[in-house]
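Undergrad: have a look at this fold, sequence not included:
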């Protein structure tokens, strides 16, 4: 092997990373993320006020977006933006993450993000084509896993991972670690309002993910798939607790803040 050998796909990844078109489209992906978070926040706030208007999760956000004037075109634009972000993360996983102390972990994180953005792009395409909502529910997926040998342990592990991701989001928000994702040294060129939006948004998302993880863990312990659920079920669970509507209102506003932060990230993201 020559000294100048590089990982498979590295040349294509470098071209994508250097492409102005990919940069622009990837930033559009953050705009798409902002739109979806605002729609989820709107439904969550309505739920907290006792006026539920739909599912408070990504599928509900896609459905709501599609029902707006020009919604089909907007869904296609969202799909393109998320696809570009997925492509960018694939390239990052191949080429490596600049200044990362642990490249293996950083590459794995990029792969996970690429999968997430790819799934979101695919969901947007399905809703744009009028075929959204055809996937399996969290309950049916959990039931399938629980029926496997050792399924309860696997579901429990997934629940712990989701809780861990939630805790990571809260820590990232409180300690302002998200500034590393933005331009400037430690995000120094970003206005204070963007910092506050990021803090509120990451903490709110972390709380919501923690509840989702808790539901999955409950399903694992009780071996009852009906206990599992996604974001919509988590927000309903939150609402039904003592002082739940007030907490849900705060979380909904926090998710809206994350939407606002995503718009700012479209401008300041490190690409």
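TA: Nice, thanks for sending it over. Note that the structure is a prediction, hence the values are computed from the model and not measured.
Undergrad: now for this protein: which helix has the highest residue count?
TA: Of all the segments of type helix in the chain, defined by DSSP state H, the longest one is helix 192-222.
Undergrad: where do the helices sit along the stretch 151-271 of the chain?
TA: Assigned helices in the stretch 151-271 of the chain, in chain order: 151-174, 192-222, 231-239, 244-268 (criterion: DSSP state H, counting those that start in this stretch).
Undergrad: so which of those helices comes closest to residue 42?
TA: With Cβ to Cβ as the measure, helix 244-268 is the member of the helices of the stretch 151-271 of the chain nearest residue 42 (7.6 Å). From N, CA and C alone the C-beta is placed, and that goes for glycine too.
Undergrad: now the helices of the stretch 151-271 of the chain as a markdown table including mean pLDDT and mean neighbour count?
TA: Below are the helices of the stretch 151-271 of the chain laid out as a markdown table (pLDDT from 0 to 100; neighbours: other Cβ atoms under 10 Å):
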| stretch | mean pLDDT | mean neighbour count |
| --- | --- | --- |
| helix 151-174 | 91 | 17 |
| helix 192-222 | 91 | 21 |
| helix 231-239 | 86 | 22 |
| helix 244-268 | 92 | 21 |
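Undergrad: distance to residue 24 added to those, as a markdown table?
TA: Written out in a markdown table, the entries for the helices of the stretch 151-271 of the chain read as follows (distance: least, Cβ to Cβ, whole Å):
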| stretch | distance to residue 24 |
| --- | --- |
| helix 151-174 | 26 |
| helix 192-222 | 20 |
| helix 231-239 | 29 |
| helix 244-268 | 10 |
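Undergrad: to residue 89, which of the ones you listed lies closest?
TA: Distances from residue 89 to each of these were compared using Cβ to Cβ; the minimum, 14.2 Å, belongs to helix 244-268.
Undergrad: the inter-axis angle of that closest one versus helix 151-174?
TA: Helix 244-268 runs at 70 degrees relative to helix 151-174, counting by axes from the mean of the first three to the mean of the last three Cα atoms, to 10 degrees.
Undergrad: report the inter-axis angle for helix 244-268 versus helix 192-222.
TA: Here the directions of helix 244-268 and helix 192-222 differ by 130 degrees (the same axes, to 10 degrees).
Undergrad: elements contacting helix 244-268?
TA: Contact here means 3 or more Cβ pairs under 8 Å, 6 or more residues apart in numbering; DSSP states H and E; on that basis helix 244-268 packs against helix 20-48, helix 192-222, helix 231-239.
Undergrad: for the stretch 51-200 of the chain, give me the ranges with low pLDDT.
TA: Screening the stretch 51-200 of the chain residue by residue with the criterion pLDDT under 70, one finds the ranges 97-101, 132-139, 184-188.
Undergrad: what's the angle between the longest helix of the chain and helix 20-48?
TA: Note on geometry: by the same axes, to 10 degrees, helix 192-222 and helix 20-48 are set 70 degrees apart in direction.
Undergrad: tell me the SS of the spatially most central residue of the chain?
TA: Among the residues of the chain, the one closest to the centroid is residue 116, at 7.0 Å (Cα atoms, centre = their mean). Here residue 116 is helix, with the state taken from DSSP: H, G, I helix; E, B strand; the rest coil.
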